[in-house]
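> heads up, no residue letters with this:
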């Protein structure tokens, strides 16, 4: 227990900037407001797995050290390269590494999904977000203009701008691209798929 608390204290010190980034993003970016629920759901999945019975504690020194080394390496990379995404992912590797060091590799094999599910709380890099959102904006614009043309209202679609009769212009904003729903629904569908009974 003392070793576990010491690891958690060092973890909080090493990743304090990333933990603040998580909180700030979840609280201020509506695309990731579901981030507050992801750790709670992950703990729920872990509790369900724990109900199956104990896992024999076997050595996880090699895998745990490897995961922790990778986490520290990613965290140190963010010093010359301030890329929040790398630090955020490093937290996940660090958690899995501490878990494996304390409980062994067999426990990690059983509890892999709660750790995997935490990926849904990580905000995407802005460049990646834009590369996904921009085509969705254009798709929404084309679909809207097609529906209006079919219904008898002539619309000229240029990118995410639609021109209606009389020179009235409409724009499909980034908030209407569907990314906000997709980020939340991906987490939801992963949870439902995991909980659903499968043959």
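On my side now, so go ahead. Because the structure is predicted, anything quoted here is derived from the model rather than measured.
> residues in contact with whichever helix in the chain runs longest?
Using DSSP state H, we find that the single longest helix of the chain is helix 126-150. Helix 126-150 is contacted by residues 31, 124, 154-157, 159-162, 164, 172-174, 176-179 when judged by Cβ atoms under 8 Å, 6 or more residues apart in numbering. The C-beta positions use only the backbone N, C-alpha and C, and glycine is treated the same way.
> Put the buried members of those into a ChimeraX selection.
A single ChimeraX command selects the buried members of the contacts of helix 126-150 (16 or more other Cβ atoms under 10 Å):
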select :31,124,155,157,160,162,172,174,176,177,179
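> after the helix or strand harbouring residue 39 comes which helix or strand?
Element membership for residue 39, per DSSP states H and E: helix 37-50. As assigned by DSSP H and E, the chain's next helix or strand after helix 37-50 is helix 61-77.
> isn't residue 30 right next to residue 180, touching?
Yes. Using Cβ atoms under 8 Å, residue 30 makes contact with residue 180 at a distance of 6.0 Å.
> quick one, which of those two is more surrounded?
residue 180 (18 against 11; other Cβ atoms under 10 Å).
> what pLDDT does the closest residue in space to the more buried one that isn't next to it in sequence get?
For residue 180, ignoring the flanking residues on the chain, the nearest one in space by Cβ to Cβ, 6 or more residues apart in numbering is residue 31 at 4.9 Å. Residue 31 carries a pLDDT score of 81 in this model.
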